[in-house]
Structures are given as C-alpha cells and as structure tokens.
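>>> Need a 3D model of the following:
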Amino acid sequence: MEIQERHNPSFSVARVLLGPNEAVRAESGAMMAMAVDIQLDAKVEGGMMKGLKRSMLGGESLFITSATASAQGGWIDLAPALPGDITVFDVTPDTPLFIQKGSFLAAERGVEIETKWGGMKTFFGGEGAFLLRASGQGKVVVSLYGALDRFTLEAGQQVIVDTNHMVAFHESVTMELKKAAASGWKSMKSGEGLVFVFTGPGELVMQSRNPDDIVQYIAANMPGSRN
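You can find the predicted model right below:
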C-alpha cells in the first residue's frame, strides 16, 4: 500500500494506492473519490460494544468503511472533515500510537484501532478522557486542523503544547498536564492556563489551529446569537 498526500497543506487528501485485493479501513464518510472497481463495506468493527465504545468515548464514527481493491488493484481518495494537513505513521508492535478524538482517518488491515482511557489529564486538558490507540503493523493516516508540526523527541527531551493543539504521539512519549507557570501563558487557547508537557523518546504531532475555535466562531455568528 502506498499513500500519497495531495492538496496539502491546507486541504489535504490521502490517495491510497492499493495492490491486488488489498484493503484499507477508513473513517466513515471520508471517501471523496475512488476507482470504479473498489468495493466498499461499512461495518461495526470488532462488534457492537467495541464500536459503541470507539464512537461514544473515542469521538469517531460507529462504522468503519473498508475499501478493497480488485485483482488489478485500485485507489481511493480520503478527505478529513476539517481543512488542514495530514500525516502518515508507520505503526509497529514496538511503536503503538495514541490519537486524539476526531483525527483518525485511515489504517491498513494489520492495525488495530481501540479506545483507551487517557486519564484525567486528557479530560481536564480538553481532549476527553479517552484516546484512540493504534497498534499492530501498518500505516495509519492522521488528520489535523491547520498546519502540521511533527517533533521527534529524544529520551528525556521535553516540549510544552497547548492542550487543544495535540494530535497524536507514540506510546513511548509520556504526557503530563500542568498549569502554565508563566503568567503570560494564561492567554493560551486552553483558556485555563493548562498545558501538556510531553517527554521523549518518540514522535509527537501538533496542529496549528484549535478545533474548538471554529465551533465557537460559528456559534457566535449564527443568526440570533448574542455576542
């Protein structure tokens, strides 16, 4: 399987090139275009209880779409809901990946997507108490709102990230929620002066825009809203 990143960085689309009888699993509703002989199958992956857990707790769709190529191979274009960039991770048994709600776009068959308790730090940090965990072997496509920043942290190396700008990180990276120490950080978009402190080793992906901002902007400018 090959994944081409098209129209990036502002309105990215993932074109998945499939070999003969190869399949990719994608977030429901992500299909933009595809070859005529691609077969789509939407189902509740892992059973109803696992699907409900992923949907209600992980912020993803109840159904996962599986796109399977014919014996001649094929392609499918996948587009995220929000404008912004995409990035691809190669997940291995030694490098599981945590993904924030709403950022999973697609994965190979060998990757398992499950919902995991992220702790109270993610709940109070505005990400919800649960994260998606991608494990196994294969490629995972992650979408984000705005531009991409991707860090490779060495062992013990740290970076501070505003809570609503975190997208994904390797399981080897530790995350701690802290109150911003400097008074100037109180104006950060978390609104509460809370930040995530990530410590390596591993990779970390951030987004340049806060998805909550567009929700608040639309709500404030709806007819009949009060400013």
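>>> Number of residues surrounding residue 11?
13 (other C-beta atoms under 10 Å). All C-beta atoms are positioned from the backbone trio N, CA, C, and that covers glycine.
>>> Skipping adjacent residues, who's closest to it in space?
residue 83 (5.4 Å; C-beta to C-beta, 6 or more residues apart in numbering).
>>> how much space between the one you found and residue 7?
10 Å (C-beta to C-beta, to the nearest Å).
>>> mind checking pLDDT for residue 226?
With respect to pLDDT, residue 226 has a value of 60.
>>> what's the answer for residue 57, then?
What the model reports for residue 57 is a pLDDT of 47.
>>> can you count the residues close to the closest residue to residue 12 other than its chain neighbours?
Spatially, and ignoring its direct neighbours in sequence, residue 12 is nearest to residue 86 (4.3 Å; C-beta to C-beta, 6+ apart). Number of residues near residue 86 (other C-beta under 10 Å) recorded here: 24.
>>> for residue 86, phi and psi?
Main-chain dihedrals, residue 86, degrees, to the nearest 10: phi -130, psi 160.
>>> right, and it touches residue 5 too?
Yes: the pair residue 86 / residue 5 is scored as a contact, 5.9 Å apart, by C-beta atoms under 8 Å.
>>> which neighbours do these two share?
Residues touching both residue 86 and residue 5 (C-beta atoms under 8 Å, 6 or more residues apart in numbering) are 12, 13, 14.
>>> what sits up against whichever strand or helix holds residue 65?
Under the criterion of DSSP states H and E, residue 65 resides in strand 64-68. Residues from elsewhere that reach strand 64-68 (C-beta under 8 Å, 6+ apart): 16, 18, 21-31, 34, 38-45, 51, 76, 113.
>>> can you rerun that using 6 Å?
For strand 64-68, contacts defined as C-beta atoms under 6 Å, 6 or more residues apart in numbering pick out 23, 24, 25, 26, 28, 38, 39, 40, 41, 42, 45, 76.
>>> Just flag the most distant two among the residues you listed.
Using C-beta to C-beta, the contacts of strand 64-68 reach their maximum pairwise distance at 38 and 45, which is 18.3 Å.
>>> Who has more neighbours out of these two?
Between residue 38 and residue 45, residue 38 has the larger neighbour count (other C-beta under 10 Å), namely 20 against 17.
>>> ok, and the closest non-adjacent residue to the more buried one?
In space, residue 38 is closest to residue 74, 4.9 Å off (C-beta to C-beta, 6+ apart).
>>> do residue 174 as well
residue 199 (4.7 Å).
>>> now that neighbour: how far from residue 154?
Look at residue 199 and residue 154: by C-beta to C-beta, they are 10 Å apart.
>>> Pick out whichever of these two has more residues nearby.
Comparing residue 199 with residue 154 by other C-beta under 10 Å, the one with more neighbours is residue 199, at 17 against 9.
>>> Kindly state the pLDDT recorded for the more buried one?
Looking at residue 199, its pLDDT stands at 97.
>>> just to revisit the earlier point, could you flag which of the contacts of strand 64-68 are buried?
23, 24, 25, 26, 38, 45, 76 (16 or more other C-beta atoms under 10 Å).
>>> Which strand or helix spans residue 218?
Using DSSP H and E, residue 218 falls in helix 211-220.
>>> Buried ones in that helix, by neighbour count?
residue 211.
>>> now could you export just the CA positions of that helix as CSV?
The C-alpha trace of helix 211-220 is given here as CSV (Å, rounded to 0.1, in the frame of the first residue of the first chain):
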residue,chain,number,x,y,z
PRO,A,211,-10.8,22.9,16.5
ASP,A,212,-12.8,24.5,19.4
ASP,A,213,-12.2,27.9,18.0
ILE,A,214,-14.2,27.3,14.8
VAL,A,215,-17.1,25.9,16.8
GLN,A,216,-17.1,29.0,19.0
TYR,A,217,-16.8,31.3,16.0
ILE,A,218,-19.8,29.6,14.2
ALA,A,219,-21.9,29.6,17.3
ALA,A,220,-21.2,33.3,17.9
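>>> I'm done for today, thanks for sticking with me.
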